[in-house]
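Asker: The following block contains a protein sequence and its predicted model.
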Amino acid sequence: MFSVGSAFFCTSCGSLLDLISDMYIVCTQCRASYPTSDIPDFNIVTTSRSKAFGSSLRQMDISLNSLETDTAASIINETCPKCEYKKMRFQTLQMRSADEGATVFYECLFCGYRFSTNE
């Protein structure tokens with residue numbers, strides 16, 4: 001078994017190994033096995049930047065965060081499924097293709113519970 005970064009590869013066939021068992025790692029291609037005691041201890045640290053996400057994911061994040069600060073979101077007489085308060089804030093966003101319905105985001109004005117539905 002050899003590693004590149006935090007990925008482990010089979011020395012027999014070069015396939016990427018999955019850490020499935022606590023005792024042994026078995027290559028799914030050639031059936032070679034390696035004891036997990038051969039794996040050195042290490043920490044995996046991942047970081048990401050907002051620009052690392054695709055534009056549609058970034059737009060979704062911006063849209064969801066704007067629900068918190070958007071005072072123009074409408075208030076409706078809808079019962080909160082968590083606390084049964086009778087008023088909720090809602091906002092609609094077109095998250096999917098144009099020929100499908102919009103996604104409606106709800107937020108309880110009393111407990112802050114949030115959920116969404118696809119119309």
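Answerer: Right, received. Where do you want to start?

Asker: Quick check: what element follows the one helix or strand Gln91 maps to along the chain?
Answerer: According to DSSP states H and E, Gln91 maps onto strand 88-93. Proceeding N to C from strand 88-93, the next assigned helix or strand is strand 103-108, under DSSP H and E.

Asker: Now that following strand - C-alpha only, PDB.
Answerer: Only the C-alpha atoms of strand 103-108 are listed here, as PDB (Å, rounded to 0.1, in the frame of the first residue of the first chain):
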ATOM      1  CA  THR A 103     -39.300  26.900  -3.900                       C
ATOM      2  CA  VAL A 104     -41.100  28.500  -1.000                       C
ATOM      3  CA  PHE A 105     -39.100  29.200   2.100                       C
ATOM      4  CA  TYR A 106     -40.900  29.700   5.400                       C
ATOM      5  CA  GLU A 107     -39.700  31.000   8.700                       C
ATOM      6  CA  CYS A 108     -41.700  31.100  12.000                       C
END
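
Asker: Show me what that strand is in contact with.
Answerer: 64, 67, 73, 78, 80, 82-83, 85, 87-96, 113-119 (Cβ atoms under 8 Å, 6 or more residues apart in numbering). From N, CA and C alone the C-beta is placed, and that goes for glycine too.

Asker: Please repeat the previous calculation with a cut-off of 6 Å.
Answerer: With Cβ atoms under 6 Å, 6 or more residues apart in numbering as the test, strand 103-108 has contacts from 67, 80, 85, 88-93, 95, 114-119.

Asker: Those residues: which two are farthest apart?
Answerer: Farthest-apart pair in the contacts of strand 103-108 is Tyr85 and Met95; separation 25.8 Å (Cβ to Cβ).
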